[in-house]
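Asks: what follows is a predicted protein model with its sequence.
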Amino acid sequence: MQSFRTEIENPVVEQDILDLEKKIRLFREGKANEEKFRSLRLARGVYGQRQAGVQMVRIKLPFGKVTSEQLHRIANVSDEYSTGRLHITTRQDIQIHHVSLDRTPELWAQLEKDDITLREACGNTVRNVTASPTAGIDPKEPFDVSPYAEATFKFFLRNPICQEMGRKFKISFSSSDDDTALSYIHDLGFIPKLKEGKRGFKVMLGGGLGSQPRHADELYDFLPVEELIPLIEGVLRVFDRYGERAKRLKARMKFLIKDIGKEAFMDLVAEQQTALSKKQPDFQIEKFEAAPPLQNVEVPEVEIEDQKEFETWKNTNVFPQKQEGLFAVGIRVPLGDFYTGGARELADLVKKYAGNEIRLTLRQDILVRHIKEEFLPFFYTELKKLGYAETGYNKTVDITACPGTDTCNLGIASSTGIADVLEDVLKEEYPQFVNGRDITIKISGCMNACGQHNMAEIGFQGMSVKVGKAVAPALQVLLGGGTLGNGNGRFADKVVKIPSKRGPEALRLLLNDFEANSESGEGYAAYYDRQGKTYFYDLLKDLADTSNLTENDFIDWGHEKPYIKAVGVGECAGVVIDLVATLLFESEEKIDNAKTALERKAWSDSIYHSYTSIVNSAKALLTAEDVKTNTQAGIISQFDEIFIETGKIELSTSFKEFAYQLKENEPSEAFAKKYLDDAHLFLKRVDAYRTKEVQHV
């Protein structure tokens, strides 16, 4: 591991990787708490998978942007440490599977050579910042949101305010009012607006999917761009402090807003203004907004064998950019899976003949940008050689599916297996839906909605159904969801649960009915509204009958053996249960982090590390008293009640006033030093009290 010190130029990144290697070693030696270690590795993109002894590694790619060099690096890492398969997620990440835990530090170090990180790709952190894949080339966009998405990613990466929250936090940037980055299902979603020539965003707050989807509230119809980072920071501080931490299913921000209301939530955000970082983010606008310089290369001459096929591809997969004479090409990636050989050839193609950049999409596809019109025939022939010229990009056949029971601990039924079969049905029986109208079909292997099934026009959720003493794989059919634009969307209704093996027949019934009875130009969601939920239940109810199941119905798609429902422990944002000694040790680590930040003159970071140490120390004593500590705000009020008001611990003020000094002071050097001293002294006092109590037992 020492070689990392010479190969990685950034000392912060280098130390991060060395810390992971150290914690893995301590965990292997039985010296690190398993639950706490899980939290640490998740925040470094290392996620347990269904198969024992191996990990899924999630590579964080802000707004899906990947250069040729980065794609080569990811392919090399996948071949060396994984299986050569790359999986695109609905958050524009790439996942690789079956990785040895012990090799994750060196894998990470290899990726960092091309500025690729794993940091905060999983865990209770700010997850990958997503954006419309057309950002920067969209003819409808008021301006390119890419520089603002990048600045958001950089500002909150390793930021102490969002390292150990109660749950994950998701941010998106749409390129236009079409809202293709789905602002309404995000904790914070941004849609670009111009007001009297000034740039800003419509802001959506508190959305989410999962078992209880919530439509985001409109927070601002126009927020000037310079207020973007302060708003996000204030929201994160409040979520960190008041968000649920004990009950995992209630720990997302949507539940906090639902409980206290948007106005009360924003009152708390307003209280944070004094404490906000004074660092001004660098919105590198010029870096993004001009089309990249294209090499003056001569395009090879090609002969198109099937002109009709080529024209169909152009009609479904090629889009004019706002930059005159340039086009984007969509590559449909079934199930989001592609492989390292094709990835390398694609990387070489875009470097030489396009803008040296691809964007991964939220529908698990690839968008190649900045292609000259005269290069399109050549691109088509090259992509076809790679198997990347399938028509139907962003059409009905472009089904979204999470990994499901293939690798995920939480998967209940196969999502990739049924997606494969439904795609075949569409190709073979419904070519008009491959190259024509778009009905979004999305599939998740469980209720957590990683496949976004509950905002699709036709959605399927993996379930199980009990038949006597046996259990069969099943699908919940959901209908009528969709994106309406400008921050508005709708969630699908649960219509009926059917055995999984009847999924293809359900799709046939739905599409046949739509073709027979929809009006000209009518979208599927509008058709669903017109007919009503009961109509569709009646259409599908015969498929729900389990009295006549065959042996085949008890075998899930893609499997050969009878179905067994096996749900493991999910790690997307598992709640950590800490021992008192571990908490006190962590308080020491946070004080060390505060000292390091002080040396870097990062006053705001130092102050927040000191704050988390103070809260952590208080939590340690409350844990020793078997007091529930669901939120940071609860810890602070309970510590006052149990330890300060009773005189067990003496402070010159209430604990609330002591802890919340960070709200009342600007992030200056003087206050950062004072607050660090306060945190250190408080830890000593808590440690002394704990030692005394233990000795008396």
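Replies: Cool, the structure landed. Numbers count the residues shown, from 1 in each chain.
Asks: quick one: low-confidence parts of the stretch 301-450 of the chain?
Replies: Within the stretch 301-450 of the chain, the stretches with pLDDT under 70 are 405-407, 409-411, 436-437.
Asks: show me where it has its helices.
Replies: 307-317, 340-353, 376-385, 416-429, 431-434 (DSSP state H, counting those that start in this stretch).
Asks: okay, those in CSV with mean neighbour count next?
Replies: Where C-beta positions appear, they are placed from N, C-alpha and C, glycine not excepted. Putting these into CSV (neighbours: other Cβ atoms under 10 Å) gives the following:
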stretch, mean neighbour count
helix 307-317, 16
helix 340-353, 18
helix 376-385, 18
helix 416-429, 20
helix 431-434, 18
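Asks: okay, these in CSV with distance to residue 331 next?
Replies: Converted to CSV, the helices of the stretch 301-450 of the chain look like this (distance: least, Cβ to Cβ, whole Å):
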stretch, distance to residue 331
helix 307-317, 7
helix 340-353, 8
helix 376-385, 7
helix 416-429, 15
helix 431-434, 15
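Asks: wait, which of the ones you listed is closest to residue 583?
Replies: helix 416-429 (40.6 Å; Cβ to Cβ).
Asks: what about that closest one, distance to the chain center?
Replies: Here the centre of helix 416-429 is set off from its chain's centre by 26 Å, with Cα atoms, centre = their mean, to the nearest Å.
Asks: cool, stretch 138-152 as well?
Replies: The answer for stretch 138-152 is 19 Å, by Cα atoms, centre = their mean.
Asks: next one: stretch 641-655
Replies: Per Cα atoms, centre = their mean, the centroid offset for stretch 641-655 relative to its chain is 41 Å.
Asks: hmm, who's touching that stretch?
Replies: Stretch 641-655 is touched from outside by 618, 621, 622, 625, 627, 636, 639, 640, 658, 685, 686, 689, with contacts defined as Cβ atoms under 8 Å, 6 or more residues apart in numbering.
Asks: out of the residues you listed, list just those in helices.
Replies: 618, 621, 622, 636, 639, 658, 685, 686, 689 (DSSP state H).
Asks: measure the nearest residue to the third one once chain neighbours are set aside to residue 491 for me?
Replies: By that I understand residue 622. In this structure, residue 622 finds its nearest non-sequential neighbour in residue 629, 5.3 Å apart by Cβ to Cβ, 6 or more residues apart in numbering. Between residue 629 and residue 491 the computed distance is 33 Å (Cβ to Cβ, to the nearest Å).
Asks: quick one, which of the helices of the stretch 301-450 of the chain gets closest to residue 450.
Replies: Comparing the helices of the stretch 301-450 of the chain under Cβ to Cβ, the one sitting nearest is helix 416-429, at 11.9 Å.
Asks: doesn't residue 245 make contact with the residue nearest to residue 622?
Replies: Yes: if you go by Cβ atoms under 8 Å, residue 629 and residue 245 touch, sitting 7.1 Å apart.
Asks: quick check: angle from the helix or strand harbouring residue 478 to helix 416-429?
Replies: Counting by DSSP states H and E, the element that carries residue 478 is strand 470-479. Relative orientation of strand 470-479 and helix 416-429, computed by axes from the mean of the first three to the mean of the last three Cα atoms, to 10 degrees: 60 degrees.
Asks: what residues are up against residue 95?
Replies: Counting by Cβ under 8 Å, 6+ apart, residue 95 has contacts 56, 57, 58, 59, 86, 87, 89, 403.
Asks: SS state for it?
Replies: strand (DSSP: H, G, I helix; E, B strand; the rest coil).
Asks: tell me how far the closest residue to it other than its chain neighbours lies from residue 71.
Replies: In space, and not counting its chain neighbours, residue 95 is closest to residue 87: 4.4 Å by Cβ to Cβ, 6+ apart. As for residue 87, its distance to residue 71 is 14 Å (criterion: Cβ to Cβ).
Asks: and those two? which has more neighbours close in?
Replies: residue 71 (26 against 23; other Cβ atoms under 10 Å).
Asks: state the pLDDT value of that one.
Replies: Looking at residue 71, its pLDDT stands at 98.
Asks: that one contacts residue 346, correct?
Replies: Yes: in this structure, residue 71 is within contact of residue 346 by Cβ under 8 Å, at 7.0 Å.
Asks: which residues are common contacts for the two?
Replies: residue 358.
Asks: tell me what the strand or helix carrying residue 108 is packed against?
Replies: If you go by DSSP H and E, residue 108 is part of helix 104-112. Where contact means 3 or more Cβ pairs under 8 Å, 6 or more residues apart in numbering; DSSP states H and E, helix 104-112 is packed against helix 4-7, helix 11-28, strand 55-59, helix 68-81.
Asks: tell me the mean pLDDT for the first one?
Replies: Model confidence over helix 4-7, given as mean pLDDT, is 52.
Asks: one more: the longest one?
Replies: Summarised as a single mean, pLDDT over helix 11-28 is 88.
Asks: which elements pack onto the helix or strand just after that helix?
Replies: Counting by DSSP H and E, the element after helix 11-28 in chain order, helix or strand, is helix 34-42. Using 3+ Cβ pairs under 8 Å, 6+ apart, the elements in contact with helix 34-42 are helix 11-28.
Asks: could you export the helix it packs on as PDB, CA atoms only?
Replies: C-alpha atoms of helix 11-28 as PDB (Å, rounded to 0.1, in the frame of the first residue of the first chain):
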ATOM      1  CA  PRO A  11      -2.600  14.000  -0.400                       C
ATOM      2  CA  VAL A  12      -6.200  14.000   0.800                       C
ATOM      3  CA  VAL A  13      -7.200  11.300  -1.600                       C
ATOM      4  CA  GLU A  14      -4.000   9.300  -0.800                       C
ATOM      5  CA  GLN A  15      -4.800   9.400   2.900                       C
ATOM      6  CA  ASP A  16      -8.400   8.400   2.300                       C
ATOM      7  CA  ILE A  17      -7.300   5.300   0.400                       C
ATOM      8  CA  LEU A  18      -4.700   4.400   3.100                       C
ATOM      9  CA  ASP A  19      -7.400   4.800   5.800                       C
ATOM     10  CA  LEU A  20      -9.600   2.300   3.900                       C
ATOM     11  CA  GLU A  21      -6.700  -0.100   3.700                       C
ATOM     12  CA  LYS A  22      -6.000   0.300   7.500                       C
ATOM     13  CA  LYS A  23      -9.600  -0.200   8.400                       C
ATOM     14  CA  ILE A  24      -9.900  -3.300   6.300                       C
ATOM     15  CA  ARG A  25      -6.800  -4.700   8.100                       C
ATOM     16  CA  LEU A  26      -8.300  -3.900  11.500                       C
ATOM     17  CA  PHE A  27     -11.600  -5.500  10.500                       C
ATOM     18  CA  ARG A  28      -9.900  -8.600   9.300                       C
END
